[in-house]
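S.K.: Just a sequence and a predicted model for now, questions to come.
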Amino acid sequence: MAKNMTVYLKIWRQPGPDQPGRMVDYTLQDVSPDMSFLEMLDVLNTQLIARGDEPVEFDSDCREGICGSCGMVINGIAHGPLKGVATCQLHMRSFDDGATIVIEPWRARSFPVIKDLVVDRSAFDRIIISGGYVTVKTGQAPDAHAIPVPRPDQEKAMDAAACIGCGACVAACPNASAALFTAAKISHLAYLPQGRVEARERALAMVRQMDAEGFGNCSNHGECEAVCPKEISISTIAKMRREYLKAVVLNPE
Amino acid sequence: MPVSCCDLWTTVGKKYLAAAAGLVFLVFVIVHLGGNLLLLLDNPNLYNSYSHHLVSLGPLLWFGEAVLLAFFLLHAVIGTLVYIRAREARPVGYHEIADAGKPSRKTLSSRTMIWSGIVILVFTILHLITFKFGEHYTVVVDGIEMRDFHTLVVEVFQKPGYVVWYLLAMVLLGLHLRHGFWSAFQSLGVNHPRYTPFIYGLGTGLAVLLAFGYIVIPIYVYFKY
Amino acid sequence: MKLDSKVPGGPIQEKWDRHRFEMKLVNPANKRKYKILVVGTGLAGASAAATLGGLGYDVHAFFIHDSPRRAHSIAAQGGINAAKNYPNDGDSIWRLFYDTIKGGDYRAREANVYRLAQVANNIIDQCVAQGVPFAREYGGYLDNRSFGGAQVSRTFYARGQTGQQLLLGAYSAMMQQVNAGNVKLYPRREMLDLVIKNGQARGIICRNLVSGEIESHAGHAVALCTGGYGNLYYLSTNAMNSNATAAWRCYKRGAAFANPCFTQIHPTCIPVSGDHQSKLTLMSESLRNDGRVWVPKRADDKRPPNQIPEEDRDYYLERRYPSFGNLVPRDVASRAAKAVCDEGRGVGEAGLSVYLDFRDAIARLGRKAIADKYGNLFDMYLRITDENPYEVPMRIYPAVHYTMGGLWVDYNLMSTIPGLYVLGEANFSDHGANRLGASALMQGLADGYFILPYTIGDYLAGSTFPTATVEDDEFKATRQEVLDQTERMIRNRGNKDPRTFHRELGAIMWDYVGMARNAQGLREAITKIRALREEYWQNLKVPGRPDSFNKYLEYAGRIGDYMELGELVAMDALQREESCGGHFREEYQTEEGEALRNDERFAFAAAWEYKGPNQKPELHREDLTFESVELKQRSYK
């Protein structure tokens, strides 16, 4: 069994949305390499509480990389150094003994900080509300086999649908753009016959909403794909642009 | 849902316009290089005849120039707006930023588009002042009086300062194209697992070739004359 | 309290149809006037909110997360059952019904389970129409696989992320209704109490988790969709924020809590690695299709697994259950793992795990085929344990996964409080003493899409509603109680943080009220829980302030409720002097060590009624009658 380690943490502390924040240093000893990154923060918090300090607030829920709650920028990379995982799936064995670890919240105007590492991602929900669905009421559905779906299309739809809405794409983007998130939903539904019916309206509405939320303009850095825990490809962004082009230029209403 | 031209001014729409304008400019840059490579043939008359032919196009040339100017301005305005919007979208920056590595396309080139773009803009204005609106030498070739661009070019490229500035601008043009070329395709929605790696590679190749081509001319002229 | 299950008359196949005809309807123009508070936005909550919104009700949806999409339904991996019989392998509604009743060890209400099997097909249709990318074959039609204890292929799946895709489907349907103005979202709100006026559930008190404000919300009915209480055990596969608080507070307001001792332990989880462990990760049950479970034959065999020859291995599931082998239901597989570990034959550093070996499958099908099927699970295992399952056998151990018990509901999904409906894992209804794989998603969506939307109309149309506003005394008094409790937790100047208490409670629950229980241990557990609860209120330390974002304050409230719920679980386990499904009493087993039911005495649902602080709750029995199936001992031999 690997020996326990000491890490030097620099964590963004901010008491509330309108209060100023700063980086605070903590030293944490006796960290097991088998701990997950968030368990390491749990241990830090237990120590902070014991000495009467306020614990570091962060969002976390399923701790298996699917709910999309957790997310922090670790040493300058959203979700940390490991590819294809969310912060909760990162283990301390990815760090060296004696390492300095800088931990910051997602940074974007559209993701305001609530406290410490917790940010408000409701902008994503509003993008979905604007059109990220198939308009079908309960009971309206035909038999599941009524419309066959070519398997490659289903696979592509599933690739895009795997998005967990964590916001790492925005956090990592040099422009703080939400293009990957928006594109993943537009692509998921555009690849399926069930979603094609509304593809035009969806692309228009979601892009408009994405812009209204104040996210930056995608300029194809591709950093989002590299940090995405589900490794969603920026080919979905191209797909979104094709759908949007159809809606606005090729086939406007 | 009705569509208006505002929908072309969204973050997605702007990228179509910027990409289209960029690609038009790329064509110009290639053609312009082709013409200017005539300088390497040591035949001033040939070069002057070529430029005279262009000028003789008259209204057709003016139209072409107007189109180029419009696209150039559009491209520059959008590039600036993208930059400003990015700054606004992240008012508080990170203490530490690292590159996430593959498959990211983030490069020095992609991070400096606004700066390489501004340099190219300044260069282009100065370039027009120096040449198009510069000293008006004349020469007679085959009985036709025409503007002697060759003499002007040789004169300008004898100044070491100008040559260095020119080289720098062309390196930045290459840098701009390195990200700009593949990005234009991605912005227009062209992305395919089979072709995109090729487009990406082609962009790099084109950037190197064009920058190289443009750099060769002043160096050749400087040492030749 | 009188339990009336309100099961309609007639043959089981016709009950639901008949009931749908007999129920009163709300005039379309009037639906807008009814305000329904939906608490929780997992599969049950999101599907209910979407459907009720679509019908035109005024729906208000409350959830503890920042987005409805984060609910723990999202983590379900395996799939969802339906008796479509697309593979033509002999499935039918009747067989799905029968399997579910039998799988639940005959402790579920027959009529509910039949209805579940009936509406399951509609769920698949609905999800496909929403754009759920279920796995398909090359012809474009849906693929099915067999799953956990079923001999037909009736499970629909979307890679290893079925729960995610179904939840995103329900979430998107709800979001469409938000767009349409029929559903209003209340993110980061935790329901902390139920408001009852004139005997009807008329509102909720919740804490705004961002500002700390205690808010009151009034409506005509409340639908509780807040999931199960697996986190009572500290380590479970539930999410960090999964909790029983809303359900427990409803119990304390008069909703009966049924079968709390029916907890499911899932056999294939990644074992604990140390004290720091905050939760356990489930490995999909589908792994048992190709993996073989074994331990060394001798307790002192400490050789690395690959050096243990065939003759020294005990493939104990294949040995004990030749016909089902590694595919026995969850409770059976879990207990068998515990048994071999109790014999000292467990593997890993603490001896608390068994091998799940893919060596033979890799040899037979090739590494690529195994990677295609389980690649992402193998990767996940490698990431967590740093051991490569292609090279060495996985190590697995059972962990708390699901709770079949929950608030008691009648056929209409209404609790014993009029106007309080309970859906999904939060209720007790359909899984009896043990849930089959791929049935939780089915039940959550059945409740939300196809059952509540009908039954709630009957209640709304058939009841009178005196005006209720948040200014009423009932609201003010309940809100004050919530404020007082929050104040009490914050003011307490103890020196133990909530997590430490949680861990201690979990250890008691796991040791005495876990996979195998006995009367003496359960009595001991009750004593220990009471002592711990006492200490909790003396020695609790909650950091921070009540009027700001404060995760440890939320956490403290939930642990406080677990301190009471834990005791009820133990009491229920003590009263049920039989073994059935997830509830195994060591005193009641066959000679081969299998669960021994006692249908004479215990063919009932145990519904507990709250009688006040530190009072013994009262047990009510809902007798289960089986008209359509014959009670048999479950056998997977």
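M.R.: Arrived safely, thanks for sending.

S.K.: For whichever residue of chain B sits closest to chain C, which non-adjacent residue is closest in space?
M.R.: Proximity to chain C, evaluated over chain B using C-beta to the nearest C-beta, is greatest for residue B:1 at 12.7 Å. For glycine as for every other residue, the C-beta is placed from the backbone atoms N, C-alpha and C. Closest residue in space to residue B:1, ignoring its immediate chain neighbours: residue A:201 at 4.9 Å, by C-beta to C-beta, 6 or more residues apart in numbering or on different chains.

S.K.: One more: residue C:158?
M.R.: That would be residue C:165: by C-beta to C-beta, 6+ apart, it lies 4.0 Å from residue C:158.

S.K.: try residue B:86
M.R.: residue A:175 (3.7 Å).

S.K.: repeat for residue B:160
M.R.: residue B:222 (7.4 Å).

S.K.: Who are the contact partners of that neighbour?
M.R.: Neighbour list for residue B:222: B:157-158, B:160, B:163 [criterion: C-beta atoms under 8 Å, 6 or more residues apart in numbering or on different chains].

S.K.: Wait, a helix at it?
M.R.: Yes: assigned with DSSP: H, G, I helix; E, B strand; the rest coil, residue B:222 falls within a helix.

S.K.: gap between it and residue B:98?
M.R.: Relative to residue B:98, residue B:222 is positioned 42 Å away (criterion: C-beta to C-beta, to the nearest Å).

S.K.: The residue of the stretch 1-150 of chain C found nearest chain A: what's it in contact with?
M.R.: Nearest to chain A in the stretch 1-150 of chain C, going by C-beta to the nearest C-beta, is residue C:140, at a distance of 2.9 Å. Each residue near residue C:140 by C-beta under 8 Å, 6+ apart is listed here: A:148-151, A:154.

S.K.: With adjacent residues omitted, what lies nearest to it?
M.R.: Leaving out its chain neighbours, the residue that sits closest to residue C:140 by C-beta to C-beta, 6+ apart is residue A:148, at 2.9 Å.

S.K.: got a list of what the one you found touches?
M.R.: Contacts of residue A:148 by C-beta under 8 Å, 6+ apart are C:136, C:139-141.

S.K.: Check residue A:236 too.
M.R.: With contacts taken as C-beta under 8 Å, 6+ apart, residue A:236 has the following neighbours: A:159-160, A:180, A:183-184, A:186-187.

S.K.: Next one: it relative to residue A:169, how far apart?
M.R.: Distance of residue A:236 to residue A:169, given as C-beta to C-beta: 11 Å.

S.K.: so what sits against both of the two?
M.R.: Looking at what touches both residue A:236 and residue A:169 (by C-beta under 8 Å, 6+ apart), the common residues are residue A:180.

S.K.: thinking again about what came up before, which secondary structure state is assigned to the residue nearest to residue B:86?
M.R.: Residue A:175, by the three-state scheme (three-state DSSP), is coil.

S.K.: wouldn't it be in contact with residue B:84 here?
M.R.: No: using C-beta atoms under 8 Å, residue A:175 is not in contact with residue B:84; the gap is 10.5 Å.
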